[in-house]
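> this is a predicted model, with the sequence first.
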Amino acid sequence: MAFIELNHVFKTYSNGVSALADVSLQINKGEFVFIIGESGSGKSTLNKLLYREEKVNKGNVMVGGVNVSKLRNSNVYKLRRKVGVVFQDFKLLPKLTVYENIAYPLETYGLSDTVIREKVLEAVERVGLKDKLRCYPGQLSGGEQQRVCIARAIVNKPKLIVCDEPTGDLDPKMSREIMDVIEEINKEMETTVIMATHDKEIVNRMKKRVVCIHQGVVVSDQEKGKYIEYENN
């Protein structure tokens with residue numbers, strides 16, 4: 001059984017916009033998959049279904065054997081403990097330090113300060129920001145803020161990392177560095193990575209599995225694929 005399975009998934013928003021139409025997809029544990037497509041193609045919607053930011057209208061979304069689409073709202077927090085999310089706009093809390101931003105999700109789990117500290121320091125070590133623990137987000141570069149976001153996403157050693165345009169606001173050099181960090185986490189922690197992106201250079205350079213969505217439909221699924229562009233009709 002695949003680690004992630006989408007079976008005949010349909011998603012239409014309340015304003016009538018159809019985001020996904022009959023999408024079926026299987027992703028194995030430890031895979032690194034790029035989700036590509038033009039703006040409005042359904043990439044971000046697919047990502048949001050995986051951590052239950054959005055719910056399907058029809059079909060099933062399975063993550064690690066759990067039917068996410070049928071999960072009660074009161075149990076969504078259990079899923080999110082197993083899923084790390086990396087956002088394009090970082091979503092860091094400006095009044096908290098780097099350490100506090102990374103520790104924040106752990107504090108809701110009732111862990112001891114000692115365990116939290118160990119986990120935070122390990123995560124910071126992985127992203128190369130050990131010397132920035134006392135800094136605030138406003139004192140960091142865009143690339144450094146994204147590293148903090150990645151550290152926060154992996155601090156609880158999730159089985160899945162969902163990334164939504166993580167290099168969208170970064171220059172090419174910093175984008176490559178961020179992708180190297182994420183690829184290393186994928187390999188060393190055997191964490192499944194699903195990444196929505198417009199970054200052609202990164203997709204073509206890394207030669208991972210590439211799933212292309214066009215107008216809500218999967219139109220291509222390539223192993224060691226390249227960036228494909230479809231124009232809207």
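Yep, that arrived.
> for the helix or strand Gly143 falls within, packing partners?
When elements are assigned from DSSP states H and E, Gly143 belongs to helix 142-154. Helix 142-154 makes packing contacts with strand 83-87, helix 98-107, helix 113-127, helix 172-188 when contacts are defined by 3 or more CB pairs under 8 Å, 6 or more residues apart in numbering; DSSP states H and E. Bear in mind the C-beta positions are built from the backbone N, C-alpha and C, glycine included.
> which parts of that helix are buried?
If you call a residue buried by 16 or more other CB atoms under 10 Å, then helix 142-154 has these buried ones: Gly143, Glu144, Gln145, Gln146, Arg147, Val148, Cys149, Ile150, Ala151, Arg152, Ala153, Ile154.
> reformat those as a markdown table; add pLDDT and distance to Gln222.
Converted to a markdown table, these look like this (pLDDT from 0 to 100; distance: CB to CB, whole Å):
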| residue | pLDDT | distance to Gln222 |
| --- | --- | --- |
| Gly143 | 92 | 29 |
| Glu144 | 94 | 33 |
| Gln145 | 94 | 32 |
| Gln146 | 93 | 27 |
| Arg147 | 94 | 29 |
| Val148 | 95 | 32 |
| Cys149 | 95 | 28 |
| Ile150 | 95 | 26 |
| Ala151 | 95 | 31 |
| Arg152 | 95 | 31 |
| Ala153 | 95 | 26 |
| Ile154 | 95 | 27 |
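> just give me the closest of those to Ile182.
Ile150 (6.6 Å; CB to CB).
> that closest one and Gly128 touch, don't they?
No. The pair formed by Ile150 and Gly128 falls short of the contact definition of CB atoms under 8 Å, at 10.2 Å.
> which residues do the two both contact?
Residues touching both Ile150 and Gly128 (CB atoms under 8 Å, 6 or more residues apart in numbering): Val181.
> C-alpha coordinates for the lowest-mean-pLDDT helix or strand in the chain, CSV please?
Every helix and strand of the chain was ranked by mean pLDDT, DSSP states H and E. The lowest is helix 76-80, at a mean of 87. Below are the C-alpha coordinates for helix 76-80, written out as CSV (Å, rounded to 0.1, in the frame of the first residue of the first chain):
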residue,chain,number,x,y,z
VAL,A,76,-7.1,16.7,12.7
TYR,A,77,-4.5,17.8,15.2
LYS,A,78,-3.3,14.1,15.3
LEU,A,79,-2.7,14.2,11.6
ARG,A,80,-0.8,17.5,11.7
